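Engineer: whatever this is, show me its structure:
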Amino acid sequence: MKLGVISDTHGDTSGWQAAMAGPVMGADLIIHAGDVLYHGPRNPMVEGYNPARLAELINHVPAPVIVARGNCDSEVDQLVLEYPIQSPYALVFAEGLRIMVNHGTEFGLQDPVPAIAEVAEKYRVHVFISGHTHMPMLERAGGALLMNPGSPSLPKSRSGEPQPTVGVIEDGVARVMTLDGRVLMEAPVRLGEGAR
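Structural biologist: Next comes the predicted model:
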């Protein structure tokens with residue numbers, strides 16, 4: 001099973017389309033960690049900003065979509081999305097993996113890892129997916145793999161040039177990839193850890 005992992009699309013059709021035509025193509029399930037349609041008051045408008053069109057694209061993607069509510073997602077967004085925006089967490093069970101998804105707003109922007117690791121341990125998940133920072137991350141904390149796919153639309157970076165990114169979990173490996181398919185980060189997903 002191939003899981004596509006995406007976050008912080010912020011109404012951008014071009015980032016979504018590049019992800020679906022690139023690394024996420026053929027996914028059996030797509031997990032979105034929030035901030036789906038609205039660009040937010042602190043974010044610039046991206047060239048492909050068209051929230052109504054992005055909603056159509058999401059509604060017609062050939063795989064089911066699981067969405068956790070982001071800080072820029074509102075009740076009105078649910079009127080155009082056919083998939084429920086779950087809040088504040090979504091829990092996914094796929095091929096023996098227990099995956100928790102949360103946008104990550106409450107974990108902050110500076111160093112969210114300790115707080116995320118605490119929640120991941122409490123719920124004994126194999127993978128904890130978050131977004132919000134727009135910065136890709138793949139880090140092991142105890143028995144869980146913490147994953148932030150970054151953003152295909154408004155990427156940020158602590159060092160170097162920001163690159164639009166998404167994530168893929170397939171064949172026991174989690175990857176953060178650029179939209180053209182280059183692997184930036186990779187880590188095994190360990191079934192023996194996490195959920196007990």
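
Engineer: any low-confidence regions in the chain?
Structural biologist: Low-confidence segments of the chain, defined by pLDDT under 70, span residues 109, 192-196.

Engineer: which helix of it spans the most residues?
Structural biologist: Ranked by residue count and defined by DSSP state H, the top helix of the chain is helix 113-123.

Engineer: verify the stated contact: residue 186 with residue 173.
Structural biologist: Yes - with contact defined as CB atoms under 8 Å, residue 186 reaches residue 173; the gap is 6.1 Å. C-betas here are computed from N, CA, C, even on glycine.

Engineer: can you tell me the closest non-neighbouring residue to residue 39?
Structural biologist: Nearest residue to residue 39, sequence neighbours excluded (CB to CB, 6 or more residues apart in numbering): residue 10, at 4.7 Å.

Engineer: which residues does the one you found contact?
Structural biologist: If a contact means CB atoms under 8 Å, 6 or more residues apart in numbering, then residue 10 has 35-40, 43, 46, 49, 72, 151, 153-154 as its contacts.

Engineer: contacts for the longest helix of the chain next, please.
Structural biologist: 91, 98, 100, 102, 104, 106-108, 128, 130, 137, 139, 141-144, 146, 194.

Engineer: can you give me how far the next helix or strand after it is from the chain middle?
Structural biologist: Next in sequence after helix 113-123, counting helices and strands by DSSP states H and E, comes strand 127-129. Put simply, strand 127-129 sits 9 Å off its chain's centre (CA atoms, centre = their mean, to the nearest Å).

Engineer: what does strand 127-129 rub up against?
Structural biologist: Under the criterion CB under 8 Å, 6+ apart, residues 5, 7, 31, 33, 97-102, 116-117, 119-120, 144-149, 167, 169, 174, 189, 194 lie in contact with strand 127-129.
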